[in-house]
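Undergrad: please work out how this folds:
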Amino acid sequence: MTFRTMAGVFLLALTTACASTGGRASTYDRNLISRAELEARPASNLYDIVSNLRPTWLRSSAGAIGRAATTAPLVYVDGRPAGGADALRSISPQSIELVRYLSASEAQGKFSMNEARPVLELITRRTSP
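TA: From the prediction side, this is the model:
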């Protein structure tokens, strides 16, 4: 084996070892805010956490050229509409298990919406009986 081949094999092994997560999936997904992330950011409402962790989720963008529509996100809680992004201000982070960002096309498909807008889907924590 040449030195170059041995160096390549060594770098490949080192990279693979460093990238290993011990058999578990990575805990970061840019379209999710997990329970662990919510707990790590104490705040009085969910809007503050989302604006700190994923500020781009809250930004409105203009509609298609020539249209006045905006793509401000809607909020859905356990599959039910809850309003616009301001609805997050009245939601306690302690009651939420997961926040998921859905693009406009994903949201249209999942919630059968008439207009194309992104959705912040909130899954509430389940309490044991």
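Undergrad: which other residues reach the helix or strand hosting Arg100?
TA: Per DSSP states H and E: Arg100 is located in strand 96-102. The contact list for strand 96-102 (CB atoms under 8 Å, 6 or more residues apart in numbering) reads 30-35, 38, 46, 50, 54, 57, 73, 110, 118-126. Bear in mind the C-beta positions are built from the backbone N, C-alpha and C, glycine included.
Undergrad: out of those residues, which are buried?
TA: Buried subset of the contacts of strand 96-102 (neighbour count, 16 or more other CB atoms under 10 Å): 33, 38, 46, 50, 54, 57, 73, 118-122.
Undergrad: number of residues surrounding Tyr28?
TA: For Tyr28, the count of nearby residues is 8 (other CB atoms under 10 Å).
Undergrad: tell me the pLDDT of it.
TA: pLDDT, Tyr28: 73.
Undergrad: which strands and helices lie in contact with the strand or helix carrying Leu38?
TA: In this structure, Leu38 sits in helix 35-40 according to DSSP H and E. Counting contacts by 3 or more CB pairs under 8 Å, 6 or more residues apart in numbering; DSSP states H and E, helix 35-40 is packed against helix 46-53, strand 96-102.
Undergrad: all helices of the protein, in order?
TA: 3-19, 35-40, 46-53, 104-111 (DSSP state H).
Undergrad: looking at those helices, which one has the lowest mean pLDDT?
TA: helix 3-19 (a mean of 49).
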